[in-house]
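>>> sequence plus predicted model, see below.
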Amino acid sequence: MCGICGVVGIESREASEPAVRRMMAAMIHRGPDEEGILLAPPVAAGMRRLSIVDLSGGSQPIWNEAGTLAIVYNGEVYNFRELRAELESKGHRFRTRSDTEVVVHAYEAWGERSAERLHGMFAFAIVEMPQGRHGRAVRVFLARDRTGIKPLYYAHAGGQLVFASEVRALLASGLVPARICAEAIPGYLLFGSVCEPLTLIKGVHSLPPGHTLTVPAEISASPPEPQRYWDAPQQLRQPAGEPTRTTRALLEKAVESHLVADVPVGVFLSSGLDSTAIAALASRARAGINTFTVAFADADAEFSEAEIARRTAARLKTDHRELTLSGGEVLSRIDEAIGGFDQPSMDGINTYFVSWAARQAGLKVALSGLGSDELFGGYDTFRTAPRLMRAGSVTRMMPGPLRFVCAKGLAGLGVLGSTPDAVRKATIAICHPDRMPHPYYFTRLLFTPAYATAGDPKGSSIWTDSAAFRWLSECTLRTRSMDDMTAVSWLELRSYLLNTLLRDTDAMSMCHSLEVRVPFLDAPLVDYVLSLPEKAKSPAPRPKALLAEALGDIFPKELLARRKRTFTFPWENWLRGELGRRVGDSLSNWSPVLEPHFSGELAAMIWKNFLAGGTTWSRPWSLYVLNEWVKRNVTASAATAASERGAALRGRGDLASVTEYS
């Protein structure tokens, strides 16, 4: 696992090498073991390495035999042994045991279509030099894995294209100005994380998952467009065999392949089905597996999963450790944890602490249960989104006032959900369906669209005209041929999992130099489950029924009988204590850079609303993280217009209008 970076379009080595070295230095946490650099004007590329496989032979950049291709690579390809055998049969010769070398030979054999053959998590850059190692670079090929487990960002700035594994590395290059992206603010407020392909830095975009980007060394004024190489299945298939057996076999193979490493491997273990499944299959495949659980002090015991995880670890005979946290301990390291975010997020702090525990125990690799809820239907969204779709199909043609009356009536009948939050989201979906490309997205709202666009003179159009809205719309188009469960699964994979869970996991684990692997997102398993019809994925009336039946013999009955619990910290309690005082102080010291986009007055009002019990902890917490991230990473160049625009917005009465659908 590594961090990669590079610049395309700078002729002078004296100019390109310092920029690349600054980016490498900014990512030393991603790869503390060694670094490598390639200078082939007008291209320069670098990497920091966290050595996992072939510790002595995997140094980068790695070349093909002829010295015409070189790669800098971040990730793991789990089918590299099969690909290597195929490539060797075609005459390719290998010097190392690493999967990195397999990727560069795969590109030599299959070109841009090589990405389709790779099963794993990766982001890489291959530099083409037809005249050999000392020749001139003519092209750079960038690729990112199918589900976006590993990040890759790029910016077209000053006639060059700059790329890196982290947004902050691009800023460190000195080639990308640290200006806030106004277009990205609404998406963050809506969902609690920045929506791809945008970032919070103007001009910096992520390469979408399942896409490649071919960049000519003589880069033109218009940057090239990413090309899709993987997509959702457009036709569901009837399973040829028994779905439970096939799912079991695919998951067993996925876990086994994800255990391949020349360093110790562990598992994040909670009290849920997902991590228990990974731990159980891993302990069957290899003895001496390490497991880790976050526990809470006695006052926070209601949130602790430690007791069940402890019993599971004892039954599986793993080497188990617990990290016990209190609110005071979180507070003492909160600045450090916030500093781990490459982009702001309302989530991720839990991963920071469990990753720290794993690294303290000497691990470099940990397996996680991420992806299971999205594939097998573990979230409430799999039940609420179809209800909203059906309600919306009835009310969409109604005039606005009648929609509101209808929503109120459905809420009174209990059709829109059992909690105030669920009713609020459903009401917005019925009254303002055009604010989102699909009803599913309303189920994931943090702030309402009225709040999210309150700070912009363009109003809701800044959101509906954004690149993020276009991405969500494109994902929605793929669902037209899908049943309800597969549609929600696909949208979960392409939004919440991508923008929040995977991004936070990468940032918070890599800041501790820990590689987190996600077997549930193994390519053959994802392809298979997405292709199944709903009746095959939901053979029983309970969440994740297919997973429970496929692995029922390894789950204790107490797990199957328990309701799903989200792995979270007791933020509600902590924010009403000392941690809350810190959050309140931050929100009263609002960044001038943010003021034109979301006013400090509104942020303070939301904090007061939380203290009065009128809103959830997640809203002020998300604003706190956003504010702190901006103060650390964005210049104050936009602040000069803050007072003028802020005064204009207050004159429009936005603070009053946003409360209508709060």
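In hand now; what should we look at?
>>> near the nearest residue to Arg359 once chain neighbours are set aside, how many other residues are there?
With sequence-adjacent residues excluded and distances taken as C-beta to C-beta, 6 or more residues apart in numbering, Arg359 is closest to His512, at 4.3 Å. For the C-beta atoms, the positions are set from N, CA and C on the backbone; glycine is no exception. Using other C-beta atoms under 10 Å, the number of residues around His512 comes to 21.
>>> for His512, which three-state class applies?
Reduced to three states with DSSP: H, G, I helix; E, B strand; the rest coil, the structure at His512 is coil.
>>> for the stretch 51-200 of the chain, which spans come out with low pLDDT?
Scanning the stretch 51-200 of the chain for pLDDT under 70 picks out 54-57.
>>> how about a cut-off of 80?
Residue ranges of the stretch 51-200 of the chain with pLDDT under 80: 51-58.
>>> and the strands in it?
Secondary structure of the stretch 51-200 of the chain (DSSP state E, counting those that start in this stretch): strands at 62-63, 69-77, 120-128, 139-144, 153-157, 160-164.
>>> cool, and the stretch 251-400 of the chain?
All strands of the stretch 251-400 of the chain, identified by DSSP E, counting those that start in this stretch, fall at 265-268, 290-296, 319-325, 365-367.
>>> what are the pairing partners of the second one, and which direction each?
Paired neighbours of strand 290-296 in the sheet (DSSP bridges): strand 265-268 (parallel), strand 319-325 (parallel).
>>> now do the last one
Here strand 365-367 has these sheet partners by DSSP bridges: strand 265-268 (parallel), strand 515-517 (parallel).
>>> how near is Leu200 to Ser489?
28 Å (C-beta to C-beta, to the nearest Å).
>>> what would the strands of the stretch 51-200 of the chain look like in JSON lines with mean neighbour count and distance to Leu530?
Output for those, formatted as JSON lines (neighbours: other C-beta atoms under 10 Å; distance: least, C-beta to C-beta, whole Å):
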{"stretch": "strand 62-63", "mean neighbour count": "21", "distance to Leu530": "33"}
{"stretch": "strand 69-77", "mean neighbour count": "26", "distance to Leu530": "21"}
{"stretch": "strand 120-128", "mean neighbour count": "25", "distance to Leu530": "18"}
{"stretch": "strand 139-144", "mean neighbour count": "23", "distance to Leu530": "19"}
{"stretch": "strand 153-157", "mean neighbour count": "23", "distance to Leu530": "27"}
{"stretch": "strand 160-164", "mean neighbour count": "26", "distance to Leu530": "29"}
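>>> distance to Asp456 for those strands - can I get that in TSV?
Output for the strands of the stretch 51-200 of the chain, formatted as TSV (distance: least, C-beta to C-beta, whole Å):
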stretch	distance to Asp456
strand 62-63	46
strand 69-77	35
strand 120-128	32
strand 139-144	30
strand 153-157	23
strand 160-164	28
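>>> of those, which is nearest Arg480?
Checking the strands of the stretch 51-200 of the chain against Arg480 by C-beta to C-beta gives strand 139-144 as the closest, at 25.1 Å.
>>> which neighbouring elements make contact with the closest one?
Of the remaining helices and strands, those touching strand 139-144 by 3 or more C-beta pairs under 8 Å, 6 or more residues apart in numbering; DSSP states H and E are strand 120-128, strand 211-216.
>>> verify the stated contact: the residue nearest to Arg359 with Trp356.
Yes: with contact defined as C-beta atoms under 8 Å, His512 reaches Trp356; the gap is 5.4 Å.
>>> hang on, the earlier thing: roughly how far does the residue nearest to Arg359 sit from Trp110?
Counting by C-beta to C-beta - His512 and Trp110 are separated by 35 Å.
>>> with His597 instead?
Counting by C-beta to C-beta, the gap from His597 to Trp110 is 45 Å.
>>> if you count what's nearby, which of those two comes out ahead?
When His597 and Trp110 are compared for neighbours, His597 comes out ahead with 29 against 14, by other C-beta under 10 Å.
>>> secondary structure class of that one, three-state.
The local conformation at His597, judged by three-state DSSP, is coil.
>>> quick one: pLDDT of Val415?
The score at Val415 is 67. That number is its pLDDT.
>>> let's have the chain start at 113 instead
New numbering, starting at 113: the last item is Val527.
>>> on that earlier part again, adding mean neighbour count, write the strands of the stretch 363-512 of the chain out as a markdown table.
Shown next, in a markdown table, are the strands of the stretch 363-512 of the chain (neighbours: other C-beta atoms under 10 Å):
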| stretch | mean neighbour count |
| --- | --- |
| strand 377-380 | 27 |
| strand 402-408 | 23 |
| strand 431-437 | 18 |
| strand 477-479 | 27 |
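>>> quick one: which of the ones you listed is nearest Leu735?
For the strands of the stretch 363-512 of the chain, proximity to Leu735 was assessed by C-beta to C-beta; strand 431-437 is nearest, at 23.0 Å.
>>> please name whichever of the strands of the stretch 363-512 of the chain is nearest to Pro513.
Closest among the strands of the stretch 363-512 of the chain, using C-beta to C-beta: strand 402-408, at 47.8 Å.
>>> just the pLDDT at Arg582, thanks.
97.
>>> for it, pull up the helix or strand it's in.
If you go by DSSP states H and E, Arg582 is part of helix 579-589.
>>> could you dump stretch 568-584 to PDB, C-alpha only?
Extracted in PDB, the C-alpha atoms of stretch 568-584 (Å, rounded to 0.1, in the frame of the first residue of the first chain):
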ATOM      1  CA  ASP A 568     -25.600  30.700  -2.200                       C
ATOM      2  CA  PRO A 569     -27.300  33.400  -4.300                       C
ATOM      3  CA  LYS A 570     -28.100  30.700  -6.900                       C
ATOM      4  CA  GLY A 571     -30.200  28.800  -4.400                       C
ATOM      5  CA  SER A 572     -30.900  25.200  -5.200                       C
ATOM      6  CA  SER A 573     -29.400  25.500  -8.700                       C
ATOM      7  CA  ILE A 574     -25.800  25.400  -7.300                       C
ATOM      8  CA  TRP A 575     -26.600  21.800  -6.200                       C
ATOM      9  CA  THR A 576     -28.700  20.700  -9.200                       C
ATOM     10  CA  ASP A 577     -26.100  22.100 -11.700                       C
ATOM     11  CA  SER A 578     -23.100  20.600  -9.900                       C
ATOM     12  CA  ALA A 579     -20.800  17.800 -11.100                       C
ATOM     13  CA  ALA A 580     -21.900  15.800  -8.000                       C
ATOM     14  CA  PHE A 581     -25.600  16.000  -9.000                       C
ATOM     15  CA  ARG A 582     -24.600  14.800 -12.500                       C
ATOM     16  CA  TRP A 583     -22.700  11.900 -11.000                       C
ATOM     17  CA  LEU A 584     -25.700  10.800  -8.900                       C
END
